[in-house]
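Asks: Curious how this folds, go ahead:
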Amino acid sequence: MSWENELYSVYETQCGREFDGEDGITPIYHSKANAEIEVTINENGDFVNARFLVSNNKNKELNDDAATWYPITDESAGRSGKSPIPHPFMDQFKYLAGDYSPNDDGKTPFREKAFKKYIENLKKWCDSDYSHPSIKAVYEYLSKETLHKDLLLSCGEQVKSSKIEKSFVRFRVNYRDLSHEAQTWKDEGLRECFLKYITSHESKKELCYATGEILPITYNHPKVIGNNKIISANDDRNFTFRGRFANKNEAFSVSFDFTQKMHNALKWLMERQKIKLGSLTLIIWTSILQQQREIENIAKNALCNYDDDDDFLDFPDDEITIDTGKAYAEYLEKRIFGIEDEFKPNAKVMMLGIEPSGEGRMSVSIYQEVSSSDFLQNVLKWHKQTGFPGYDFKTRTTKIMSRSAYKIICHAYGSEVNGKISFGASNDNDKGKDKDKKKDPKETKACADLILRLLPCITQGRKLPADIVRAICRKASNPLAYEEKYNNHRKVLETACGLIRKSNIDRKEGVTTMSYDPNETDRSYLYGCLLAVADAAERNTYEKSESDRVTNARRYWNAFAQRPWTTWNIIEGKLRPYLDKKVDSGKHSGFYYNKKLDEIMGKLSKGVFEDDSALSPNYLLGYHHFSAEIYKSSKDNEEE
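Replies: Take a look at the predicted model:
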């Protein structure tokens, strides 16, 4: 099915269900907002009290119970611009306060029209056959035009210090008969009365292109994020229909029932489980919402694990060996496929990606439907093939970890700012929180585009884009771009090695092991091992106070990757004095490092060693593998 029909199906199967600690899907002809003001009246329409639902007026921090369902109409659902189109019952303060004038200079035409239209519409509902005691009470109260005065008396300074015009107001009606629901936004009887009232005023019915049924049609579709809409057809002057259709009715015709259910399901899913990736908002759900949280955790780990030291699927192992990949694969299968038995045979996983495409517009950047078994299998494949040993700075242990798409993009195209690697020039240290408004829109769009290219690799098992692998290898080949004290180069290097390993698996050639292989004879791999020895041998002679000092191996690293033979002669010449230096007990001597250098050089045949052409990415694997080998040896040496 299409994404529209899948969302419609979510509404049909989930609306009316209760979820522990969460709001359900908003019913049709209703919307959801965070109320900032709650006004309490009695059943006769007399003011009782009022309170602000904002715990911190300066930062607009709302109370936990601020979420409010309220009735809407076709016209008010997508209102925008300067034309006042009030909601039927609860609304912003400027629509409800007949006595409000911010500068004591008389009401503006908008406020006069807004309140007048609101109170007229409310009276029609009040006088209809589908009225409700709460509607009558609110009408009686607001007709007195004392809302602003009552708020000033009841809340005083909060009214004066807040931008009250756009504050959303909800009503509580105290009844003598306690069998009535006082919280109007939770009153199902009121909700049913409104549905009967609004359907009795439905517009002319036409063909709905989505369902194939004759239903009341709308062209005023709900907003999704901010003022942006996925479905919009308000351009009848330019080239939207010219040459194809006579008018928008011929181009696209959707019923109010369908668009409301589809959008309400989308908003509900976004509230529960959206994944924000730059300008892209990704929503992943299952066709029958089985094991939804597990699917969400698995997807988030593969896509947007923001914390460099926090991995959901990591494999603790004190001693990484060449065949550890098998143990890691078994571990992943237990973690990922432990939920597979809970799925029904025909269950699907849907992925919908939306992002802004212009003022007031949203576009669907990606939509995929994958069977649940294929989805889990492909995510498992991603973690298996990108898994690589990395140092966990929190636990101070080495673990096999697979990197998320967000980390990969940051490490491949980002830069170090204030000790953190972020995509683009700015760094908000937000660990994934939605603060993209602070960033350049072009940067967030670029980040989203790159993640969209990685998404099929994770969910469909496709090969890695070669240019992304090249980009992260360039970053890993430039250690001087990172400050030593933050260890960010090490993180970039480990991510690069994971991608190189996957790229080699994709191409079915090159090094694919997770640790040093003494039988490997690849030229680039062995040159990387030499670089690891030179780096470790020099650092071995440093005092503790020299931890931020840069070795010659790291200083010449970038040139070494381009001209290994020429640059190695320079590095080796600078290394000799360090090999002759005395070191503390427990550390390797110069003899140990000379032995390792001879051992590696012995594997490089004449002509191959003198080849000065650029190294392949495998040299980074060689560097990482042999560095780990030296560290393991030094640790054993200390224990002895």
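Asks: what separates the residue nearest in space to the middle of the chain from Ile354, distance-wise?
Replies: With distances taken as C-alpha atoms, centre = their mean, the residue of the chain nearest its centroid is Lys276 (2.2 Å). Counting by C-beta to C-beta, to the nearest Å, the gap from Lys276 to Ile354 is 11 Å. The C-beta positions use only the backbone N, C-alpha and C, and glycine is treated the same way.
Asks: what's the answer for Ile468, then?
Replies: 23 Å.
Asks: ok, the two, which is more surrounded?
Replies: Taking other C-beta atoms under 10 Å, Ile468 and Ile354 do not tie; Ile354 has more neighbours (24 against 20).
Asks: Could you verify that that one is part of a strand?
Replies: Yes. Counting by DSSP: H, G, I helix; E, B strand; the rest coil, Ile354 is part of a strand.
Asks: Dig out what it forms beta bridges with.
Replies: With DSSP bridges applied, Ile354 shows beta-bridge pairing to Thr281, Val364.
Asks: OK, contacts around Leu499?
Replies: Contacts for Leu499 (C-beta atoms under 8 Å, 6 or more residues apart in numbering) come out as Thr386, Arg403, Ile408, Leu464, Ile468, Val469, Ile472.
Asks: in which helix or strand would I find it?
Replies: helix 488-507 (DSSP states H and E).
Asks: average pLDDT across the helix or strand that that helix is followed by?
Replies: Remark: after helix 488-507, the chain's next helix or strand is helix 523-539, criterion DSSP H and E. Averaged across helix 523-539, the pLDDT comes to 97.
Asks: pretty sure Pro27 contacts Tyr70?
Replies: No. Look at Pro27 against Tyr70 with C-beta atoms under 8 Å: they stay out of range, at 10.9 Å.
Asks: Low-confidence bits of the stretch 451-600 of the chain, can you list those?
Replies: 585-586 (pLDDT under 70).
Asks: which SS state does Pro86 fall under?
Replies: coil.
Asks: Quick check, pLDDT for it.
Replies: At Pro86, pLDDT is 94.
Asks: what about the nearest residue to Glu629 once chain neighbours are set aside, how many residues close to it?
Replies: Leaving aside its sequence neighbours, Glu629 sits nearest to Tyr516 (C-beta to C-beta, 6 or more residues apart in numbering; 4.4 Å). Per other C-beta under 10 Å, the neighbour tally for Tyr516 reads 22.
Asks: Now Tyr516: phi and psi?
Replies: phi -60, psi 130 (degrees, to the nearest 10).
Asks: Hmm, it is touching Ser627, no?
Replies: No. With contact taken as C-beta under 8 Å, Tyr516 and Ser627 are classed as non-touching, separated by 9.1 Å.
Asks: Following the helix or strand containing Val159 in sequence, what is the next regular element?
Replies: Element membership for Val159, per DSSP H and E: helix 157-161. Remark: after helix 157-161, the chain's next helix or strand is strand 168-174, criterion DSSP H and E.
Asks: Can you list the neighbours in contact with the next helix or strand along the chain from that next one?
Replies: Proceeding C-terminally, strand 168-174 gives way to helix 188-199 as the next helix or strand, assigned by DSSP H and E. Applying C-beta under 8 Å, 6+ apart, the contact partners of helix 188-199 are 27-30, 69, 71, 73, 88-89, 125, 128, 130-132, 134-135, 181, 184.
Asks: Any of the residues you listed buried? List them.
Replies: With burial judged by 16 or more other C-beta atoms under 10 Å, the buried subset of the contacts of helix 188-199 is 27-30, 69, 71, 73, 88-89, 125, 130-132, 134-135, 181, 184.
Asks: Quick one: residues in contact with stretch 111-118.
Replies: Stretch 111-118 is contacted by residues 84-86, 91, 94-98, 100-101, 107, 142, 145 when judged by C-beta under 8 Å, 6+ apart.
Asks: Of the residues you listed, keep whichever come out buried.
Replies: Neighbour-count burial (16+ other C-beta under 10 Å) applied to those gives Pro84, Ile85, Pro86, Asp91, Lys94, Tyr95, Leu96, Ala97, Gly98, Tyr100, Lys107, Leu142.
Asks: quick one: least confident of those?
Replies: Lowest pLDDT of these: Lys107, 55.
Asks: quick revisit: can you tell me which of the contacts of helix 188-199 end up in strands?
Replies: His30, Trp69, Pro71 (DSSP state E).
Asks: Would you enumerate the residues in contact with the second one?
Replies: Yep, that's Trp69 we're talking about. Counting by C-beta under 8 Å, 6+ apart, Trp69 touches Thr26, Pro27, His30, Ser31, Lys32, Trp185, Lys186, Arg191.
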